[in-house]
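*Asks:* Got a predicted structure here, sequence first:
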Amino acid sequence: MIKGIQLLRAIAALAVVFVHCHFHHMETGTFGVDIFFIISGFIIAYMVNQTTKHFIIKRIVRVSPLYFLATFLTVALALAKPQWFNHVIVNTEALIKSFLFIPYQIKESGPILSLGWTLNNEMFFYGVMFLCILIFRKKEHLVPACAALLILLLLVLNSFSKDTISAYSHILRFYRNGLLPEFIYGLGLYYFWGYYSDNKIKAVDTLMVTIGLAAFALMIYFDLNQGFQSIPRNIHYGIPSLLFVNAFLVLENKINVKNRIIKAGLKLGDASYAMYLFHPFVLYFLIRVVYPKIIGPSTLLTVELSEMIFAIVLVGVVSVLIYEFVDKPLNKFIKKRIKKYNETRVIKLAVTETESQPVNEIRQ
């Protein structure tokens with residue numbers, strides 16, 4: 001476990017939760033998604049340089065079960081309380097494309113779990129890496145090849161005019177305007193960090209941490225003041241997020257896991273995926289059911305602050321519970337079943353090969 005990465009996951013998830021709290025009209029925190037994608041690029045590069053065995057199966061098992069549960073929950077609630085989900089359309093096309101991670105748009109809906117748009121990007125990235133694994137035998141070729149394919153794809157998509165892309169396919173428009181560059185940043189960061197960790201200079205460490213923290217502060221500042229809106233997201237969020245992730249990698253050996261706050265951060269990092277997928281349910285339950293009945297309408301800053309703090313704490317607690325009692329056991333169960341299936345398949349294959357051998361060969 002890379003401690004800095006786990007803490008970053010917690011920060012990224014909490015940033016997304018914060019922006020969805022809509023506290024005092026403060027719309028900051030969407031950069032949490034950019035941080036997640038850069039982390040993903042870095043971690044996938046790290047993983048494939050260790051082993052590529054069952055890569056795509058491991059990724060599907062890690063991502064799909066909890067996402068499917070959250071999608072099913074959205075479907076159930078949308079059917080039970082359609083007035084709460086005015087922009088969610090549930091039909092056969094929506095279900096199939098949501099579960100297959102295919103980008104789509106039906107009126108203002110798509111995917112069923114709105115946060116699923118990020119997973120469409122994730123699974124596409126995994127698919128590109130898996131394609132590289134199928135093509136290239138040497139591990140050292142995988143990350144450069146994946147980055148090159150992503151860059152080539154973006155160049156091709158951007159060579160067409162917006163009108164041509166829009167008229168042709170929502171899928172092409174989705175990936176053209178999406179966050180694929182953030183994955184490339186993460187892949188590049190893996191190589192940079194591999195080189196830098198062997199040639200560390202304390203003064204440079206301090207400089208990179210300072211720059212990373214300043215970049216994070218700058219993202220918040222421009223969020224609050226709606227600056228840099230004309231600049232592509234992968235620049236005004238992506239580059240500062242890259243610097244911020246790098247700062248935490250610099251601090252890796254200085255993270256004290258015995259510190260209570262760090263422990264809590266690491267636990268939230270473990271539960272960050274559950275937090276990301278399920279926090280809207282907690283927030284909407286509080287906003288639509290709990291707060292109106294207990295507190296009622298209020299514009300007081302202290303009331304809004306109390307509601308936000310309680311919401312974030314509750315989201316954290318619920319996320320850890322989902323991670324411990326749903327996500328972990330579910331992943332463990334699926335992995336166990338896959339392992340058992342593979343073992344049974346190997347035994348059957350061995351028996352079949354033995355039975356097909358001539359009797360004299362078996363006797364020898």
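*Replies:* Now that the structure is in, tell me what you want to look at. Treat the numbers as computed from the prediction; the structure is a model and nothing was measured. Numbering: from 1, shown residues only.
*Asks:* Which residue is the nearest non-sequential neighbour of His170?
*Replies:* Gln105 (5.2 Å; Cβ to Cβ, 6 or more residues apart in numbering). (Glycine included, C-beta is placed from N, CA and C.)
*Asks:* burial count for that neighbour?
*Replies:* 15 (other Cβ atoms under 10 Å).
*Asks:* now it: how far from Asn121?
*Replies:* 15 Å (Cβ to Cβ, to the nearest Å).
*Asks:* which residues sit against whichever strand or helix holds Tyr273?
*Replies:* Per DSSP states H and E: Tyr273 is located in helix 272-285. By Cβ atoms under 8 Å, 6 or more residues apart in numbering, the residues outside helix 272-285 that reach it are 9-10, 12-14, 16-17, 20-21, 36, 66-67, 70, 73, 77, 84, 113-115, 118, 268, 311, 314-316, 318-320, 322-323, 326-327.
*Asks:* Quick check on the residues you listed: which are buried?
*Replies:* 9-10, 12-14, 16-17, 20-21, 36, 66-67, 70, 77, 113, 115, 118, 268, 311, 314-316, 318-320, 322-323, 327 (16 or more other Cβ atoms under 10 Å).
*Asks:* Which ones among the residues you listed lie within helices?
*Replies:* If you go by DSSP state H, those have 9-10, 12-14, 16-17, 20-21, 36, 66-67, 70, 77, 118, 268, 311, 314-316, 318-320, 322 in helices.
*Asks:* thinking again about what came up before, backbone phi and psi for the residue nearest to His170, please?
*Replies:* phi -150, psi 120 (degrees, to the nearest 10).
*Asks:* buried set for stretch 85-105?
*Replies:* Phe85, Val88, Ile89, Val90, Ala94, Lys97, Ser98, Phe99, Phe101, Ile102, Pro103, Tyr104.
*Asks:* Go ahead and confirm the fourth one touches Leu79.
*Replies:* So that's Val90. Yes - with contacts defined as Cβ atoms under 8 Å, Val90 counts as touching Leu79 at a distance of 6.8 Å.
*Asks:* list the contacts for the residue lying closest to Leu224 once chain neighbours are set aside?
*Replies:* Leaving out its chain neighbours, the residue that sits closest to Leu224 by Cβ to Cβ, 6+ apart is Thr28, at 5.6 Å. Contact analysis of Thr28 by Cβ under 8 Å, 6+ apart lists Ala15, Phe18, Val19, Met219, Ile220, Asp223, Leu224.
*Asks:* Could you do Phe136 as well?
*Replies:* Here Phe136 is in contact with Leu142, Ala145 (criterion: Cβ under 8 Å, 6+ apart).
*Asks:* Quick check: the gap between it and Gly29.
*Replies:* 38 Å.
*Asks:* Give me the phi and psi for Ser109.
*Replies:* phi -110, psi 140.
*Asks:* what's the neighbour count on it?
*Replies:* Neighbour tally, Ser109, other Cβ under 10 Å: 19.
*Asks:* what's across from it in the sheet?
*Replies:* With DSSP bridges as the criterion, Ser109 is bridged to Ile106.
*Asks:* Let me know the pLDDT of it.
*Replies:* On pLDDT, Ser109 comes in at 89.
*Asks:* Nearest residue to Phe310 in space, ignoring adjacent ones along the chain?
*Replies:* Phe310 sits nearest to Leu286 (Cβ to Cβ, 6+ apart), 7.6 Å away.
*Asks:* Can you give the distance from stretch 162-179 to the centre of its chain?
*Replies:* Averaging C-alpha positions (Cα atoms, centre = their mean, to the nearest Å) puts stretch 162-179 22 Å from its chain's average.
*Asks:* got the contact list for that stretch?
*Replies:* 33-34, 37, 102-105, 117-118, 120-121, 124, 153-154, 157-158, 160, 233-234, 238.
*Asks:* which SSE is Asn331 in?
*Replies:* Per DSSP H and E: helix 328-356 holds Asn331.
*Asks:* What average pLDDT does that helix get?
*Replies:* Across helix 328-356, the average pLDDT comes to 81.
*Asks:* hmm, back to that, which one of the buried residues of stretch 85-105 is nearest Asn49?
*Replies:* Comparing the buried residues of stretch 85-105 against Asn49 with Cβ to Cβ places Phe101 closest, at 24.9 Å.
*Asks:* Just list the residues touching the closest one, thanks.
*Replies:* Each residue near Phe101 by Cβ under 8 Å, 6+ apart is listed here: Gly116, Leu119, Asn120, Met123, Phe124.
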